[in-house]
Structure formats: structure tokens, C-alpha cells
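**Student:** mind folding the following:
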Amino acid sequence: MKQKYILLALVAFFSFKGISQSYTVNPIPFQQYTGNLANLPTIDDMNSPLISLPFSFEFYGNSYNQVVISTNGYIDFRTSSANLGSPWNFNQTIPNVNFPVKNSVLGAYHDMNNANGEGTITYGISGNAPYRKFVVYFNNNSHFGQPSTIKSSFQMILNETTNIVDVQL
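**Tutor:** As a prediction, the model looks like this:
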């Protein structure tokens, strides 16, 4: 009986070995969450004050009830980064122990110039417990040092209960 399981495991391994090396990406429709969303001040290269989540969110084995939102496009679970500057210049590859942003969801992390008043950063809750979504929406934000026609719009979504992170670009 033991030999059958070993043989089955070997067949399964070699049958699926090539699949992981080839895949197709298919776009899905953009699901824009809307509603009564709070506006964040858009001071260039800054982190928000602490924002309380109405549910616990588990991220890499730790549970969080508060987040910080960076004007450079990420959600930070390090409460100590609240109201501080947001790193905008880095040259490390990711992952890297010296990367300046840790314990974070890097939505479309890059140096955005939010101080010009053209774009908005909003956040809010969508849905009903126990399947609510905490949504952070960057809408029409300019890139620092780029022509004003180059913009970023994306959403980062933290899902209650499932602890799934969605990033929609």
C-alpha cells in the first residue's frame, strides 16, 4: 500500500511540474468601491495619523486593529510610522532587509506628488460584518518629477475574516 502512495505522489509531482513554469494572466474588470469615504490630507511624502480598523486583520501571523496610509501608495501596519515622513527614494531590490518600508501592503508604491491638489486619497469600509472590506483609494495622483499627465489610480483592499489583500491597479 505504501508503494502505491509513493508512486501516486511521484506521478502527481512530474505531471504538474511543468504547469508552474507557464501561466496566463487574464485581466478582470476593475471593481471600484465607492461610498462615504474619508479624505486624507495629501501632504507630499507623509504618513497618515493612526486609522482604526473596525475589525482585526491578520497579516503574516500578526493581528492588527490600526493602520497608517502613506501618500506614496502603501498601507503600513507599523503604528510607529504614523505622522512621519514616508520614504520616497530607495535603491534596494525587494525583498531586502534594508528596504525602508516593512510590514506593509505596497499597493503601487512610488514617489507621488500629492501636494499639488490634483489627486485624492480616500479610505472607508464597504460591506457588512463579518465580510467587510477596508478600502484605500488613490485617485488621479501625480507622479513626482513627471509631466502632470502621468497619474496613478489604484485601490488596496483588506478583507475581514479571510484576511485577503486585493490590489487593483
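**Student:** can we go C-alpha only for contacts and neighbour counts from here?
**Tutor:** Will do.
**Student:** where in the protein is pLDDT low?
**Tutor:** 1-26, 28, 34-36, 116 (pLDDT under 70).
**Student:** which residues in this structure form helices?
**Tutor:** Assigned by DSSP state H, the helices in the chain fall at 2-16.
**Student:** pull the longest strand from it.
**Tutor:** When the chain is parsed with DSSP state E, its longest strand is strand 133-143.
**Student:** now tell me what touches it from outside.
**Tutor:** Residues outside strand 133-143 that contact it (C-alpha atoms under 8 Å, 6 or more residues apart in numbering) are 33, 53, 73, 110-114, 118-127, 148-160.
**Student:** now, of the residues you listed, which are buried?
**Tutor:** Among the contacts of strand 133-143, those classed as buried by 16 or more other C-alpha atoms under 10 Å are 33, 53, 73, 110-114, 119-126, 151-160.
**Student:** list the contacts of E160.
**Tutor:** E160 neighbours (C-alpha under 8 Å, 6+ apart): 55-57, 129-134.
**Student:** quick one: Y131 from S80, how far?
**Tutor:** When distance is defined by C-alpha to C-alpha, to the nearest Å, Y131 is 28 Å away from S80.
**Student:** wait, I meant A115
**Tutor:** Plainly put, A115 is 23 Å away from S80 if you go by C-alpha to C-alpha.
**Student:** cool, N89 as well?
**Tutor:** Using C-alpha to C-alpha, N89 is found at 20 Å from S80.
**Student:** neighbour count for those two, which is higher?
**Tutor:** Neighbour totals were compared for N89 and S80, and S80 leads with 12 against 9 (other C-alpha atoms under 10 Å).
**Student:** and the strands in the protein?
**Tutor:** For the chain, applying DSSP E gives strands covering 38-39, 51-59, 62-70, 74-76, 104-106, 112-113, 120-126, 133-143, 151-159, 165-168.
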